[in-house]
Structures are given as C-alpha cells and as structure tokens.
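Q: I would like to see how this sequence folds:
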Amino acid sequence: MKTDIQHSECIDMHLTCVVTLLILIVAVSCGQSDTSVSEIHLPDQIRSIDNVTVITLAKQVSDTVELEQAAVFESSDDIYMEGRLSEFTVDDRGRVYIAATQMGRLGIYVFAPDGEFITRIATYGRGPGEYESIRSIDVHDNQLFLLDARLQKFGIFELDGFTHVKDHVITRNRLTESDSLAKILHPYNLVVNDDSSYILKLRMLPRSRLHPDQPEVYYSLDRTGEMIPGKIFQLKGLSYYFPAQGISTPYLMPFSRSSMVSITDDGRMFTANSDDFLIREYDPSGAYQRAMYFPFENADMSLDEIPLEKELQRMLDQYDLPDTWPALHTMEPDDEEQLWVATITDSDSTFQWHVIDDDGTLHARFTLPGRRASRSAFTKPLVMIRNGFFYQKEQDADTGLERIVKYRISFW
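A: As a prediction, the model looks like this:
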C-alpha cells in the first residue's frame, strides 16, 4: 500500500519569552486538512523545554517501508557460532561482524555482505588479543574495536588482514573527586567517533533495596584508554524490583523504565527515557542542542500477559506498578542522519517503527513482529541500519539458533 506524506509549513509559536516551539504538522495527502495547532495538547514539562520540535499526525499513517530479506548470517557447515550472539556491527563494505559468547569461549565471526563466512577473530583468555567477555564492538577507519568489560580493556583489530593490533587497559588515574561515581561503575559500551575519539558508557547493577537506582554515565577516553575527567552527561538508571527480604539479585521486568542513548558516527548523542516519546540531542561535548516530541499515548499494561512464577508475582505485589507500558522500545541512528524509533503499542505481537529525518520530520512508519511481554529493558535489541539495509538479530524458527538477518529497505 502506498501512502504519500505531505509536510505542512513550519509554524512558529512563542509560548514564553524564552521558549520557542517549532510545530511540524505531518499530514496524509488524501483530502484531509492539517491538524490545527490549537488542538495540540502539550504537557507542561514539554512546554518548559527549550528548542523543541513537536511532530503530530492528522491521522494514522499506513506502513510506508518495505523490508525485503537480502542475506542471512548464521551458523552453517563451514562455521558454528558457539553461544549467544551478544553484539554485531557492519562496516562500510557491508561485511558483518558477529560476537558470540558462552562460558569459557568467545569469538567474532566475520561474514561477507552475501552471508558467506570469511574468518573468526579474537579468542578467550587474558593475553594480547584475548578476552573474557565482549560487551560491545564497533568499526571505524578500517579497524574493529572490542570492549571487554570483565578485564576492563579494549582491543583493536585491523580489518584488511583481520589481525590484532593492540589492547588498551581502561585507566582512571586522572579522575578527580567530582568523578567519584565513575570510579566505581563498570564499562558497558565503547563507541568510536569519526574524529577517532572514544565515548565510554559506564553502569552498575544496584546492590540493595536501599539504593535501587544506579545512574549511567558517559565519559571520553583518550587514545591510550585513559578516562578524561568530567563526564559528558549522566542519565537515570533502570527501574529494578527487589524481594521483600534477604539479599537477592534485583529483577528487571519487560515494563521497566530505562534510559536510552544512540550515538551517531559524528558523535551527536540522542537520549530518551523509555516512558515518553521525547528525544533530546546533544553535541559530542554533551551540550544540549534540541529535542523532538511526539504526542504518544502509552499502551495499557496488565501482568496477565506476562508469564510469571508465583514467587515473582508475590514480589511484585509489594510495588505500585505502572499501569502502562513504556512508550519506547528502542531507537537507532542510520548513516543518513535519520533516527529509527520503535514504539510499544496496543499490539502484543508487533512494534511500530518511526523514521525521523534530521530536521525532525516524520519520514515513514512501519511495523515489525515483536513481543512486548518478552522485551529486555537491560539490553537494546540488536538492530543496525547501514548502507540502505536493515539488520536485526532473529531466531531461526526451525533450529532455534540465533542469527543476523539483512533486509533491503524500500520507502513507498
């Protein structure tokens, strides 16, 4: 089905002497008039934010994106990827790098754009080019960067010959008293920007009911792995649930609220709390630039659709649980300055995706299969949009094995 989306003119509204909201009205060109600005209800917290773009729809828009399967990256007679597929990335040539981990074993499996296996790099251990965990991988300037959170180091591999170049231990010698939180949190994600600078995310599980929240912080690293004093920014941590008595690992639920961060190749950072469709943009130094807000009604939530053991049910009974699902499931930037945002809707079997252009206008929407009752708030879904393709981790229905599937993107 083809649907033409017509963008109306931008309307400047001065809500206060210091706050300007640029209202972008996105309408479907099928005879309907644009939604009146006076009909848009903005929550007070949105009105108080500087430089906000508000995106609205005259009516629901049908799917305007088609995904056609182009390749599959999976275990075969040539190679078996042992363990869980924990991370993956794609380089400028379309080659796919998949990190697989299990107790005592790990590796990064390299595939050609058509799905043919090329080689395996990285091994388990503590020596040069050896690692005990793979928390994140990233490619930049013909090199692959691997973060080992357990050994608190990152490795660099050359992609022409797939050879190990060097490892850097993450050190905190230059941190000051104002960086006390960063001294106790653990590395979680490493991103390499176009200017070859590093951004490190740190987080930690809460240790007790008395301290249920553990914030996430972002720091810059120098080329040797030394953390640079002064955090880029700090975000609220996850919403955990604890047993009433005793010492126990806290639980995360599919409806747990969380912070989300997506970093573009040029170092721009988009942040959001999953409870609202409100996305803030920061420059590489952490300075606020703008925000985008989509009026969104969160779906009603009931524990009946979530399979729970009786013990877990009793534990949750002590909490005043939210009566709605979070608004956001995940968000990912592509390599064409667009942001792809998946929302949780009334459907229990699909997520709805929104493709937002760099100027804050809605470019397209579509739905993909997915169960909100089994989503993870701790880790982002493995999704990447590169070179005109949509990549995501899936499970083979026949074998049960995890794999990465590549889809060609077509906009209607």
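Q: who touches the lengthiest helix in the chain?
A: If you go by DSSP state H, the chain has its longest helix at helix 310-316. Contact with helix 310-316 is made by 241-244, 251, 253, 303, 308, as judged by CB atoms under 8 Å, 6 or more residues apart in numbering. (Each C-beta comes from the backbone N, C-alpha and C, glycine too.)
Q: just the buried residues from these, in ChimeraX please.
A: In ChimeraX syntax, the buried subset of the contacts of helix 310-316 is picked out as below (16 or more other CB atoms under 10 Å):
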select :241,242,243,253
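Q: any chance of the contacts of helix 310-316 in CSV, with secondary structure, distance to residue 376 and pLDDT too?
A: Output for the contacts of helix 310-316, formatted as CSV (DSSP: H, G, I helix; E, B strand; the rest coil; distance: CB to CB, whole Å; pLDDT from 0 to 100):
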residue, secondary structure, distance to residue 376, pLDDT
241, strand, 15, 88
242, coil, 18, 86
243, coil, 20, 81
244, coil, 24, 71
251, strand, 12, 87
253, coil, 10, 93
303, helix, 17, 92
308, coil, 16, 90
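Q: which parts of stretch 364-377 are buried?
A: 364-368, 370, 372-373, 375, 377.
Q: then stretch 165-182?
A: By neighbour count with 16+ other CB under 10 Å, stretch 165-182 contains the buried residues 167-168, 170, 175, 179, 181-182.
Q: and the least confident of the residues you listed?
A: Ranked by pLDDT, these bottom out at residue 181 (90).
Q: what segments of the chain are helices?
A: Using DSSP H, helices in the chain cover 44-47, 310-316.
Q: quick check: which of these is nearest to residue 78?
A: helix 310-316 (41.8 Å; CB to CB).
Q: same question for the closest one, mean pLDDT?
A: pLDDT averaged over helix 310-316 gives 88.
Q: show me how far it is from its chain's centre.
A: 29 Å (CA atoms, centre = their mean, to the nearest Å).
Q: buried set for it?
A: Under the neighbour-count criterion of 16+ other CB under 10 Å, helix 310-316 has 312, 315 buried.
Q: need the CA coordinates for it. PDB is fine.
A: What follows is helix 310-316, C-alpha atoms only, in PDB (Å, rounded to 0.1, in the frame of the first residue of the first chain):
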ATOM      1  CA  LYS A 310       4.300 -17.400  41.800                       C
ATOM      2  CA  GLU A 311       7.300 -16.200  43.800                       C
ATOM      3  CA  LEU A 312       7.900 -13.400  41.300                       C
ATOM      4  CA  GLN A 313       4.200 -12.400  41.400                       C
ATOM      5  CA  ARG A 314       4.300 -12.100  45.200                       C
ATOM      6  CA  MET A 315       7.400 -10.000  44.900                       C
ATOM      7  CA  LEU A 316       5.800  -7.600  42.500                       C
END
